[in-house]
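# the following block contains a protein sequence and its predicted model.
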There are 2 protein chains.
Amino acid sequence: MKATGIVVEYNPLHNGHVYHAQQAKAATNADLIIAVMSGNFLQRGEPAFVDKWARTRMALASGVDIVFELPYRFATAHAPVFAHGAIRLLDAAGCTAYCFGSEDGNVEPFQNTLNLLDKTSDEYNQEVKNAMQDGLSYPMALNRAYDAVSSGSEKSGRHVDLSKPNNILGFHYMQAANAISSSMIPTTIKRLGAGYHEETLDVNRVASATGIRKSFFSTEKLDEIINFIPETTKVILTEWQRERINFGNWESFYPFLRFCILRDGPVRLATIADLSEGIENLIYRAAQTNDTFQSFMESTKSKRYTWTRIQRMLTHILTGFTTEMRSGMDEPAYLRLLGMTDKGRSYLSSIKKDLPLPLISKVASFSDPSLDMDIRASDSYALAIGKGSKNAKIGLDYTLSPIMNNYFSGNSLK
Amino acid sequence: MKATGIVVEYNPLHNGHVYHAQQAKAATNADLIIAVMSGNFLQRGEPAFVDKWARTRMALASGVDIVFELPYRFATAHAPVFAHGAIRLLDAAGCTAYCFGSEDGNVEPFQNTLNLLDKTSDEYNQEVKNAMQDGLSYPMALNRAYDAVSSGSEKSGRHVDLSKPNNILGFHYMQAANAISSSMIPTTIKRLGAGYHEETLDVNRVASATGIRKSFFSTEKLDEIINFIPETTKVILTEWQRERINFGNWESFYPFLRFCILRDGPVRLATIADLSEGIENLIYRAAQTNDTFQSFMESTKSKRYTWTRIQRMLTHILTGFTTEMRSGMDEPAYLRLLGMTDKGRSYLSSIKKDLPLPLISKVASFSDPSLDMDIRASDSYALAIGKGSKNAKIGLDYTLSPIMNNYFSGNSLK
């Protein structure tokens, strides 16, 4: 059986994601799709809209056959580390191809750019460093460095536009796959509909996850977004709203975040991953004086620190993720199974004994600092979603088995 | 002007406390009473019923002329350290006497016991150590050690009964005063009414603070307790209930405590003051599986760890107080003024320049790790009381000046 890998957040899963999974399967002539999916905290440093089990159910109902959890350490990291973790896991899971979304749906420009940067890598890395020392954010620094090395050299063929957010992750997936000499074949699908940064919903049935969340939070009504999500996503979100009341976002998590900041104080905050250079003092003072997440962010962000970079710090504060903990987590050490279809189960049975990493179905049977971190992050999320009430769903990593079925059959793109 | 010192928690201030302040003043022929009062977390490892400013107002209306804050490090420590911090501050404040409650109102038995233990101190300390290694709690260990050294030696005169909780603190005050060669004269007043451990309210108008809180929490109605508190306490508690809704207790703080435990995990918990010997694992597991503070405690306490000892650990977890932070805090380093009457102000003006420690009226004007800890503890308390809502009163240490007046005049024992 031939498996193609994708890297997803599904925050929440919408029609564009269904399309992507279908196209990925078709384009690579695959028998099944394996997704590496972030847990409860995401790459832009945000709590997920709903937890990883709800999003796994959405995935299994929408064309994905196996969902592995991207460990916290990678899921909340900047693009190169995020991509490294995800590609490693897809490679370890035996995928023969992987597929990502991009602006124009062609891998050749990515390859050309990688070849160019490979030839100029010392110069490129130095340019990235210089740009960051000049105070540029990491994405901006990549762009400037790329411009610097590409302008002086002969470009052969088209190059990828790294100023487009949709292209940056794809570029890093391919770079990561090259770095580990993966035999997986890269593929890309042109993204549909609204741009990554576009937040308004338009008349067709595809919108960005960001736009969908924003639209939902403006009224807290799921009716606002049903045009853009498959029926199964709607059912799962409705169930979530009935059981948990709250959806994950920073504003509602702020009481717990603020508590952590004021409790830790600057000295202890400085041990948290990504906090350094005195920003712990800025964050502590901002938490003392700001009652809302919005005002907190407005008093914290600056030219030096992008919104995303600060949000990643705040995620690490909320989950208590320290620089010391991170230091031992450079490589993914396990394949944590969140769910599978019948087809996914057949596939895993067939390759189980050849897997280069342990396959985790029950967390209690495996001991690893990165897995412990994933569990703590789940519990922090669950307590914050549940406002710390008695009904908060703690310890689901221990009590839930991998989700074993399509909960809904025949889900298709509307 | 002649000042007598007392050490208080006022949790909340009740008729017995008014009596004690009056008697302390009369018995020592003092012009004014200086109280060293715990901040928002108390000696038995509990959040205070109401915060330190509300309790300062109660104090100033009930016979106390100056309130200094006992720093967190001492206020939440076991008896010898608690007593050392409190006596140091009363001595630094220029008191000529100090006065504590005891079972029979006589300092002589305390002095006899101190003399005996002084003579046998090596043996005594070794007996305390042995008893604790045998798994006894600290108070039990003191008793056994005392029995061991006193049985073999000639007792001269009556000795204090250290099995009575009311006597233990007094004993440590006198021991601490001896240790620093304080010239303050010790005095003691016999306690009225209910015993320290008695939790039922009786027909007379004096009850223990523990009994008063228990009675209040059973119905959440202040009417339950008005017989046992002075009018001013009632007014201040009524105001608190209107503004803050919640009173401090572990059950209502548990969501934040649990969040801290699950977020930190065993590795980080082990850095918290008093946590060691693997109890961090027990605490982490208990937080994973218990929805209420009561059930959490029931699954954590054991012969080895008394309820109080565990509560002190939990206090340090909630406030993020680490062993490393504590290591630099062996001596009180400042006199933090929480409030004073006009008479208290005159007294402070007269001795201000002779004070051996800095007098802090504005926290922003002084920098000290112990003061930072007091501020963080205030904010943790305020967020937990306010359930993390926008209305939580953060930063009061910065915004409130010392309380400068009797808010209510003529308050007297009913």
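Cool, got the structure.

# gap between the nearest residue to A:A79 once chain neighbours are set aside and chain B?
Spatial nearest neighbour of A:A79, excluding adjacent residues (CB to CB, 6 or more residues apart in numbering or on different chains): A:H172 at 4.6 Å. From N, CA and C alone the C-beta is placed, and that goes for glycine too. Going from A:H172 to chain B by CB to the nearest CB, to the nearest Å gives 29 Å.

# run a quick neighbour tally on A:H172.
21 (other CB atoms under 10 Å in any protein chain shown).

# roughly how far out does whichever strand or helix holds it sit from the chain middle?
Following DSSP states H and E, one finds A:H172 within helix A:165-179. Its chain's C-alpha centre and that of helix A:165-179 lie 14 Å apart, by CA atoms, centre = their mean, to the nearest Å.

# contacts only, for the closest residue to A:F74 other than its chain neighbours.
In this structure, A:F74 finds its nearest non-sequential neighbour in A:G85, 2.7 Å apart by CB to CB, 6+ apart. Residues near A:G85 by CB atoms under 8 Å, 6 or more residues apart in numbering or on different chains: A:V36, A:L70, A:P71, A:R73, A:F74, A:A75, A:A77, A:P332.

# try A:G45
A:T76, A:T308, A:R309, A:I310, A:Q311, A:R312, A:M313, A:L314, A:T315.

# and the closest residue to it other than its chain neighbours, how far from chain B?
Sequence neighbours aside, A:Q311 is the residue nearest to A:G45 in space, at 3.0 Å (criterion: CB to CB, 6+ apart). For A:Q311, the distance to chain B (CB to the nearest CB) stands at 17 Å.

# on that earlier part again, out of the contacts of A:G45, which is nearest to B:I225?
Lowest distance from B:I225 to the contacts of A:G45 (CB to CB) belongs to A:L314, with 42.1 Å.

# name the SS class of that closest one, please.
State at A:L314, reduced to three classes by DSSP: H, G, I helix; E, B strand; the rest coil: helix.

# please name the residues that touch it.
A:G45, A:W250, A:L257, A:I283.

# of the residues you listed, closest to B:G386?
A:L257 (14.8 Å).

# my guess is that closest one contacts A:L318, does it?
Yes. Here A:L257 reaches A:L318: they are 5.1 Å apart, a contact under CB atoms under 8 Å.

# the stretch 201-350 of chain A: strands as residue ranges?
A:335-340 (DSSP state E, counting those that start in this stretch).

# which stretches of it aren't confidently modelled?
Flagging of the stretch 201-350 of chain A using pLDDT under 70 yields the residue ranges A:201-203.

# quick check: the residue of it nearest chain B.
Proximity of the stretch 201-350 of chain A to chain B (CB to the nearest CB) peaks at A:P255, 2.5 Å away.

# excluding its backbone neighbours, what's nearest that residue?
B:G388 (2.5 Å).

# what residues are up against the one you found?
A:Y254, A:P255, A:F256, A:R258, A:F259, B:F256.

# quickly note the distance from A:Q23 to chain B.
A:Q23 is 40 Å from chain B, by CB to the nearest CB.

# from A:T4, how far off is that residue?
Look at A:Q23 and A:T4: by CB to CB, to the nearest Å, they are 10 Å apart.

# give the burial count for the residue in the stretch 51-200 of chain A that chain B sits nearest to, as a bare number.
The minimum distance from the stretch 51-200 of chain A to chain B, using CB to the nearest CB, falls at A:Y72 (12.2 Å). By the criterion of other CB under 10 Å, A:Y72 has 29 neighbours.

# try A:E220
11.

# which strand or helix spans the closest residue in space to A:L400 that isn't next to it in sequence?
Using CB to CB, 6+ apart and skipping the chain neighbours, the partner closest in space to A:L400 is A:W53 (5.9 Å). Under the criterion of DSSP H and E, A:W53 resides in helix A:52-60.

# I'd like the next helix or strand past that helix.
Using DSSP H and E, the first helix or strand after helix A:52-60 is strand A:66-70.

# neighbouring strands of that next one in the sheet, and parallel or not?
Note on strand A:66-70: by DSSP bridges, its sheet partners are strand A:32-38 (parallel), strand A:335-340 (antiparallel).

# average model confidence for that strand?
Mean pLDDT, computed over strand A:66-70, is 98.

# by how many degrees do that strand and helix A:52-60 diverge?
140 degrees (axes from the mean of the first three to the mean of the last three CA atoms, to 10 degrees).

# output strand A:66-70 as CSV, restricted to C-alpha atoms.
The C-alpha coordinates for strand A:66-70 follow below in CSV (Å, rounded to 0.1, in the frame of the first residue of the first chain):
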residue,chain,number,x,y,z
ILE,A,66,-3.9,7.9,9.9
VAL,A,67,-3.3,10.8,12.2
PHE,A,68,0.0,11.1,14.1
GLU,A,69,0.6,13.9,16.6
LEU,A,70,3.3,16.3,15.8
